[in-house]
Each structure stands twice: as C-alpha cells, then as structure tokens.
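Visitor: The sequence isn't on hand, but the structure is:
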C-alpha cells in the first residue's frame with residue numbers, strides 16, 4: 001500500500017485530539033458548583049483564557065452562574081475572539097496581556113493560526129518557553145515550521161489586582177503553558193487568599209511542581225491532581 005501523507009496527518013490529528021481531550025473532572029465540578037451556589041457574587045481571574053470557548057472548562061460556570069471577573073489573554077487574535085464569545089455578558093473584564101514578573105513587553109511563542117491541518121488544541125499552545133511548544137513534535141513532526149514569535153504586553157499579578165481593585169478572589173485559574181508557578185509565586189497570601197487555585201502542572205519542571213505544591217500546602221490548601229492539572233482548595 002502506498003504511503004499517504006494526508007492520511008497519516010489526519011490520523012495524527014485524531015490521536016492528538018483524543019490525547020488532549022479533557023473530560024469532566026467530577027471533584028472540580030463539585031467544588032466549583034458548591035462555591036458558586038453559595039455565593040451571590042463569585043469573583044474569578046482566568047489567566048490564559050484563550051478564546052473563551054475552545055476546551056474552556058470554566059465557560060459553562062461563567063455563563064450559568066453569571067460570575068464576575070477578569071479574563072487575561074495576551075495573543076491579540078485570541079483576545080478578539082474572547083471578546084466576541086463573551087459579548088453582552090456584563091461583569092467580565094478582558095485584559096489583553098500576560099502575567100509576568102515585570103511590566104514589560106516579552107516574546108511569546110505560539111503556533112501559527114493559518115495552518116488548517118493541525119489539531120484544534122494547537123491554538124492553546126502559547127508560551128514564554130519555546131521548549132514547551134517544541135515538546136509537541138511527537139504529534140506534529142514538522143511543528144517547528146509553524147512556530148511564530150510575537151511580543152506581548154506583560155503585567156505583574158499585583159498590578160493587575162491593584163488596577164481593578166480586587167480585594168476578594170474566589171477562583172484563580174492559570175493555564176500558561178509552563179509559567180504557572182511563576183504566577184502563583186506572585187500571590188501575596190497575606191492580603192489576598194484565593195478560595196481556589198486551579199493551574200496546569202503538565203509543563204512544569206519537576207522541582208517547580210514540587211515547590212509550587214509545597215507553597216500552596218504551606219498556606220493551608222488541599223491538593224488534587226488530574227490529567228496534568230492541579231486543584232488547590234481549602235475547606
């Protein structure tokens with residue numbers, strides 16, 4: 001049988017979509033629903049919001065419970081879709097920036113949007129760390145061809161909180177493809193303690209993952225992990 005590159009590519013995309021599919025997490029659903037039902041004014045920050053639709057675990061909760069909060073997305077194209085997907089929903093602030101240690105412009109690496117044959121989750125691959133994007137070569141062998149670099153505006157977490165006068169936070173959700181611990185380290189737990197911290201540990205180096213878990217436990221959080229994500233919560 002002759003080798004068919006198109007068929008192979010389609011098969012790889014199907015395998016990749018199945019691999020990165022995130023089924024419902026019952027524990028997370030239960031905790032989010034319980035906290036949201038018990039609050040008349042649930043407030044959240046989602047860092048790495050992408051377009052607010054593509055495999056967005058929080059979207060159903062945001063719409064169903066009419067959460068208020070801030071959605072942070074640095075990639076202009078994704079941010080435009082994010083605004084469109086939440087158009088008409090009051091109480092939501094969209095910030096076109098990334099969270100980093102300093103207020104600056106910084107290189108972000110991502111997959112070019114114009115490539116049609118790549119799996120949908122490639123649109124979620126945007127990272128300060130080039131190697132995190134490159135790690136997905138096992139799914140898309142010619143991935144290097146589609147990696148683009150663009151500069152994005154960055155702001156420290158504390159400055160974001162000051163800007164919007166956030167003095168209470170029910171949920172901090174972080175999905176920054178390898179930069180999650182750097183964001184969590186910026187939380188000043190003495191002045192603002194999120195009720196829930198949800199982050200992706202999949203791309204963290206082992207020492208950073210361990211340090212992040214130690215930090216959260218030291219502030220009284222209980223941890224649960226599933227499929228590359230960690231849920232930190234307190235009773």
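Guide: Received the coordinates, thanks. Please read all numbers here as calculations on a predicted model, not as lab measurements.
Visitor: Quick check, pLDDT for the closest residue to residue 189 other than its chain neighbours.
Guide: The spatially closest residue to residue 189, leaving aside those adjacent along the chain, is residue 219, at 4.8 Å (CB to CB, 6 or more residues apart in numbering). C-beta here means a position set from N, CA and C on the backbone, and glycine is covered the same way. The score at residue 219 is 98. That number is its pLDDT.
Visitor: Pretty sure residue 219 sits against residue 190.
Guide: No: when contacts are counted by CB atoms under 8 Å, residue 219 is not listed as touching residue 190 (9.6 Å).
Visitor: out of the two, which sits in the more crowded spot?
Guide: Using other CB atoms under 10 Å as the criterion, residue 219 and residue 190 rank with residue 219 on top: 14 against 7.
Visitor: quick one, what contacts the residue minimising distance to the centre of the chain?
Guide: Central residue of the chain (CA atoms, centre = their mean): residue 175, 2.1 Å from the mean position. Contacts here follow CB atoms under 8 Å, 6 or more residues apart in numbering; on that basis residue 175 touches 47-48, 50, 124, 199-200.
Visitor: and the gap between residue 137 and residue 178?
Guide: 16 Å (CB to CB, to the nearest Å).
Visitor: the more surrounded of these two?
Guide: Shown here are residue 137 and residue 178; by other CB under 10 Å, residue 178 has more neighbours (21 against 11).
Visitor: That one: which element?
Guide: Assigned by DSSP states H and E, residue 178 belongs to neither a helix nor a strand.
Visitor: Do I have it right that it meets residue 204?
Guide: Yes: using CB under 8 Å, residue 178 makes contact with residue 204 at a distance of 6.5 Å.
Visitor: Tell me, how many residues neighbour the nearest residue to residue 105 once chain neighbours are set aside?
Guide: Counting by CB to CB, 6+ apart, residue 105 lies nearest to residue 151, which is 4.7 Å off, once chain neighbours are set aside. Using other CB under 10 Å, residue 151 has 11 neighbouring residues.
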